[in-house]
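Asks: Let's see this in three dimensions:
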Amino acid sequence: MKTSPSKQTEKEMTLEEIESHIRRVPDFPSKGILFYDITTLVKNAGVFRKAVDIMAETLAGKEVTSFAAPESRGFIFASALSYKLGKGLILVRKPGKLPSDTASVSYDLEYGKDVLEIHKDAINGKSRVVIVDDLLATGGTAQSTGRLVEKLGGSVAGYLFLIELTGLKGAEALSPHPVWSLLRMPG
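Replies: Okay, the predicted model is just below:
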């Protein structure tokens, strides 16, 4: 049961506003998938700022050296967090998109297979990395990004998402690392 508006906290009202700016697109990219389109959120500067501010608050007091962002929607939130918190940004790309020596990992998506790459010199033994993306579904992309971080000697400080589809149990796949999500929706 929802709290009446007068009894809601400011954060609850803000999360409701953020959620209301996410468009749902059925049967995209394939039949049976409900796509959560964040372009309708990021085009609204005030709502985007609120989402990034809450994500940054979530990391208060956490030891983090950098953010790893899987392409492409992870770039949006991780870039903003990197700027706001003064931490490094590591781009995780599809094959052939990074110009220097890379490490790679293949993984299963909710609707196919893919490969991710990261520059070998992006991570070292002192790296404490938070993996940031827009949405957590089954956890394949995030888990693979974490494997790349660890493969290069870094440690995963946690995973941060705008949206978590709780029904797909992606957070369980990322255990034992912390998983933080602003919006938790059935999925």
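
Asks: Contacts only, for residue 158.
Replies: With contact set as C-beta atoms under 8 Å, 6 or more residues apart in numbering, residue 158 has these partners: 62, 130-131, 177-180. C-beta: built from backbone N, CA, C; applies to glycine.

Asks: Hmm, I typed the wrong one, I wanted residue 165.
Replies: 135-137, 185-187.

Asks: With neighbour count and pLDDT as added columns, please give these in JSON lines.
Replies: Formatted as JSON lines, these follow (neighbours: other C-beta atoms under 10 Å; pLDDT from 0 to 100):
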{"residue": "135", "neighbour count": "22", "pLDDT": "97"}
{"residue": "136", "neighbour count": "30", "pLDDT": "97"}
{"residue": "137", "neighbour count": "23", "pLDDT": "91"}
{"residue": "185", "neighbour count": "16", "pLDDT": "93"}
{"residue": "186", "neighbour count": "7", "pLDDT": "87"}
{"residue": "187", "neighbour count": "18", "pLDDT": "76"}
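
Asks: Can you tell me how far the one residue sitting closest to the centre of the chain is from residue 104?
Replies: Within the chain, the residue whose C-alpha comes closest to the C-alpha centroid is residue 133; the distance, by C-alpha atoms, centre = their mean, is 1.7 Å. Note on residue 133: its distance to residue 104, by C-beta to C-beta, to the nearest Å, is 18 Å.

Asks: do residue 154 as well
Replies: Using C-beta to C-beta, one obtains 16 Å as the distance from residue 154 to residue 104.

Asks: go on, residue 141?
Replies: For residue 141, the distance to residue 104 - C-beta to C-beta - is 14 Å.
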